[in-house]
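K.L.:
Model the structure of this input:
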Amino acid sequence: MELSKALILLLSSVATFASATDTFSLNRHPPRAGNSDDARDGLAVSQKQASRKGPQTEGVCWNHSEGSICQGGDSFKGVSISGDEILIQELHGDGKLYSYRIQNEEKFRNDLDKVPIDIANKKLSHVIAELKQPKPNKKEVKYDCKVEDVGEEFRINERNKHTELLESNDDGTSLWLVNSWHIMVDSDMNPISIELPNEEGIYEFSTSIKRVDKFSVNDLEGCDPETEGDEDPEPSVEDVDLYFELLNAENPSISDDDFISGVGHRHLDWITDFSAVSSNTQWCGRGTNIYSTPCPDKNKKFDFWADNACRRHDHGKIQKGTNVPRLECAVDNDLRVSTSNWAVQGAYGKWGGTSLPGFGCRNYQSYKCWKKGGWCGWACPKYVWCGKKWVTRFGPTRYDGASRTAGYKRRPRYCPQDRRLSYWN
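P.N.:
Sure thing, here's the model as predicted:
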């Protein structure tokens with residue numbers, strides 16, 4: 001009788017242990033598709049990897065296709081590359097979030113490298129060769145600077161509060177959950193890729209890590225809203241000189257030899273009206289009075305169709321910039337495709353003066369930015385779509401895919417040829 005009781009007790013203990021083991025197995029993170037289904041091998045590798053602390057997220061910058069993620073101490077820096085502009089966000093140790101933009105000069109350099117050496121316009125080829133020359137002393141211009149006090153949202157010390165091994169692979173790679181980030185590492189714990197959740201918690205953004213750099217608080221620059229708060233960058237003196245070189249590269253009255261030797265260059269004062277350069281128009285120029293300037297007239301000596309196209313351009317709603325009006329890209333492109341006038345092409349053509357980073361045009365488009373995460377706040381920020389805003393585009397691709405958003409202002413007076421041109425709004 002005592003033996004039977006002992007046997008029953010032993011069987012009951014075995015069943016309880018088996019039940020607990022099953023529960024533990026069910027609670028483990030399920031392996032992803034494509035991984036080994038051998039549970040024993042997986043558990044052995046998991047135990048080996050679990051002895052490590054997980055990926056290094058302190059004092060590093062992870063560079064990826066759309067920018068970089070930098071963390072160190074109580075600071076964070078996120079760089080978001082969006083076409084012609086780069087948005088930089090810096091969280092400093094005092095709980096202040098600095099955000100500012102700079103122009104993506106590297107993209108402009110890449111566009112220059114694609115220009116064939118033997119283009120037909122020798123004058124333009126000469127200017128592009130000049131643009132390709134390294135500018136080591138060129139200062140990076142910050143703009144659209146904003147400073148925000150994040151206050152209690154500042155919890156960067158929780159960066160590594162939750163680190164968990166999610167899966168291990170036969171090739172030595174492993175997937176880790178660091179707060180809300182999914183980080184894939186190689187056998188030496190170097191990051192291979194990162195996966196970030198959107199605001200709904202869906203892992204929408206995934207990218208490979210191209211390079212890992214060191215990072216410290218000394219790499220933070222910040223910005224000054226008083227001096228760097230303008231919504232758009234202003235052209236430098238060098239930009240202005242290059243603008244007129246590109247403009248004159250289209251001037252048929254200047255020979256290739258004179259242009260290249262410098263004899264044919266016109267060193268115009270910046271206040272000189274664009275229409276003084278383009279002497280065969282009355283509407284193509286800076287500061288044209290849309291109320292008093294006469295309607296384009298076929299019977300006058302001016303370039304009739306260029307004047308009509310420039311008249312429409314002067315009615316663009318979006319005009320930013322102090323020295324040269326920076327209009328909506330679609331409005332500039334309407335002008336470019338409407339006339340072959342040399343001065344218009346010299347200013348607004350594919351490689352016209354406004355292709356320079358200091359000029360460009362404006363486009364209303366979606367952009368990405370970094371926002372604080374959930375429970376871990378800025379210790380695990382999210383990289384998400386942040387709506388739409390006006391951004392500055394430049395280079396030969398500035399018109400590609402440009403949206404039509406603001407359009408043209410209502411005309412204070414009607415001219416006979418207005419009906420032949422679309423004034424969309």
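
K.L.:
Any buried residues in stretch 349-367, and which?
P.N.:
349, 351-365, 367 (16 or more other C-beta atoms under 10 Å). Backbone N, C-alpha and C define where each C-beta goes, glycine included.

K.L.:
cool, and stretch 397-408?
P.N.:
397-399, 402, 405-408.

K.L.:
Turn those into TSV, including secondary structure, pLDDT and distance to residue 259.
P.N.:
Compiled in TSV, the buried residues of stretch 397-408 are given as follows (DSSP: H, G, I helix; E, B strand; the rest coil; pLDDT from 0 to 100; distance: C-beta to C-beta, whole Å):
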residue	secondary structure	pLDDT	distance to residue 259
397	coil	94	26
398	coil	95	25
399	coil	96	26
402	coil	94	31
405	coil	94	38
406	coil	93	37
407	coil	93	37
408	strand	92	35
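
K.L.:
I'd like to know which of the residues you listed is nearest to residue 150.
P.N.:
residue 405 (31.2 Å; C-beta to C-beta).

K.L.:
residues in contact with that closest one?
P.N.:
Applying C-beta atoms under 8 Å, 6 or more residues apart in numbering to residue 405 gives the contacts 328, 330, 363-364.

K.L.:
Next step: those restricted to helices.
P.N.:
Secondary structure from DSSP state H places residue 330 of those in helices.

K.L.:
Tell me the one among the contacts of residue 405 nearest to residue 120.
P.N.:
residue 330 (27.6 Å).

K.L.:
re earlier: take the contacts of residue 405 and lay them out in a markdown table including pLDDT and distance to residue 372.
P.N.:
Below are the contacts of residue 405 laid out as a markdown table (pLDDT from 0 to 100; distance: C-beta to C-beta, whole Å):
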| residue | pLDDT | distance to residue 372 |
| --- | --- | --- |
| 328 | 95 | 33 |
| 330 | 96 | 35 |
| 363 | 95 | 28 |
| 364 | 95 | 26 |
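
K.L.:
Which ones among the contacts of residue 405 map onto strands?
P.N.:
363-364 (DSSP state E).

K.L.:
Now distance to residue 282 too, for the contacts of residue 405, in a markdown table please.
P.N.:
Below are the contacts of residue 405 laid out as a markdown table (distance: C-beta to C-beta, whole Å):
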| residue | distance to residue 282 |
| --- | --- |
| 328 | 23 |
| 330 | 24 |
| 363 | 29 |
| 364 | 31 |
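
K.L.:
So for residue 347, what's the nearest residue that isn't a sequence neighbour?
P.N.:
Closest residue to residue 347 apart from its sequence neighbours, by C-beta to C-beta, 6 or more residues apart in numbering: residue 353 at 5.0 Å.

K.L.:
And the closest residue to residue 413 other than its chain neighbours, what's its pLDDT?
P.N.:
Sequence neighbours aside, residue 291 is the residue nearest to residue 413 in space, at 7.2 Å (criterion: C-beta to C-beta, 6+ apart). At residue 291, the pLDDT value in this model is 88.
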